[in-house]
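S.K.: here is my input; please provide its structure:
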Amino acid sequence: MTSLAAQLATSGPIDVSLLDSRATPGYDGDKDGAPDAMAALGEELADLQERLFAQARVKIGNQRILLVMQGMDTAGKGGVIRKVAGLVDPQGVAVTAFKKPTPEELEHDFLWRIEKALPAAGEIGIFDRSHYEDVLIGRVRELATAEEIERRYDAINAFEQAFVEDGGTIIKCFLHITPDDQEERLAERLDDPTKFWKYNPGDVDERLLWSDYAVAYGIALERCSTEHAPFHVIPSGRKWYRNWAIATILAETLRSMDLQWPEAGFDIDVEKARLADS
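M.R.: Here you go, the predicted model:
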């Protein structure tokens, strides 16, 4: 059976505007069955993530996971953090939301702040936006020269390969929505006083550049979906499917690590006796 990660992995040129945001590849049920499917995944994810964390505590290897999420505003990066990362122990999760670079960050190469936020051994690191902003908004808003943008694709690939060679695993997800999906979600925010805080007038300005972003995403997916760090296109028009798909890929990834509980580094019988006498 083909893994969901393999089904959703990109390869070669891709036209983002032609993608179906409401597709549900790999899922045989419907929305009503999603809560049970997520609950089942949650039990397995919690167990596997604790094994990953435990191995690092006793200094077994340098395994860690970096989940990179990219997508237009309202694609659901925050929702994934709540619904998927919320299934595991927060002690083993490190979330970084990358905003506009600070003056200090602008004094360094664009990967400088990314390197500082990489997960430690045993952790699942989650990037809400990432180094890909520097070839997306950087390209669309012309924040860097064409030559610099071109250099960054290669720099990203080299950076990610080095992370993998050092024991890390990268899961890169493009949360795909359409302009209609986004309009519906922005409208919901304007109709609900509890969501006013989520609304950013600047999102409408970015909508005017949707076609430019589609091109930028297509190039990034083609140039930076590699064997060691493939991009996965996650149809995100249905929130429940988006969450299930990313949780499933995370579970598949953890399973592939063959994580075992660390053996005791002490004499168990001796420690039982010492404990009884204490």
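S.K.: low-confidence regions, the stretch 1-150 of the chain specifically.
M.R.: 1 (pLDDT under 70).
S.K.: export stretch 179-187 to CSV, keeping only CA atoms.
M.R.: C-alpha atoms of stretch 179-187 as CSV (Å, rounded to 0.1, in the frame of the first residue of the first chain):
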residue,chain,number,x,y,z
PRO,A,179,-9.0,32.1,-3.6
ASP,A,180,-12.6,31.1,-3.0
ASP,A,181,-11.6,29.1,0.1
GLN,A,182,-9.7,32.1,1.4
GLU,A,183,-12.5,34.5,0.7
GLU,A,184,-15.0,32.3,2.6
ARG,A,185,-12.6,32.1,5.6
LEU,A,186,-11.9,35.8,5.7
ALA,A,187,-15.6,36.5,5.5
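S.K.: who touches that stretch?
M.R.: 21, 72-75, 177, 199, 203-204, 207, 210, 236-237 (CB atoms under 8 Å, 6 or more residues apart in numbering). Where C-beta positions appear, they are placed from N, C-alpha and C, glycine not excepted.
S.K.: out of those residues, which end up buried?
M.R.: 21, 72-75, 177, 199, 203, 210, 236-237 (16 or more other CB atoms under 10 Å).
S.K.: mind putting these in JSON lines, secondary structure and distance to residue 146 included?
M.R.: Converted to JSON lines, these look like this (DSSP: H, G, I helix; E, B strand; the rest coil; distance: CB to CB, whole Å):
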{"residue": "21", "secondary structure": "coil", "distance to residue 146": "30"}
{"residue": "72", "secondary structure": "coil", "distance to residue 146": "23"}
{"residue": "73", "secondary structure": "coil", "distance to residue 146": "25"}
{"residue": "74", "secondary structure": "coil", "distance to residue 146": "29"}
{"residue": "75", "secondary structure": "coil", "distance to residue 146": "27"}
{"residue": "177", "secondary structure": "coil", "distance to residue 146": "28"}
{"residue": "199", "secondary structure": "coil", "distance to residue 146": "33"}
{"residue": "203", "secondary structure": "helix", "distance to residue 146": "26"}
{"residue": "210", "secondary structure": "helix", "distance to residue 146": "21"}
{"residue": "236", "secondary structure": "coil", "distance to residue 146": "30"}
{"residue": "237", "secondary structure": "coil", "distance to residue 146": "33"}
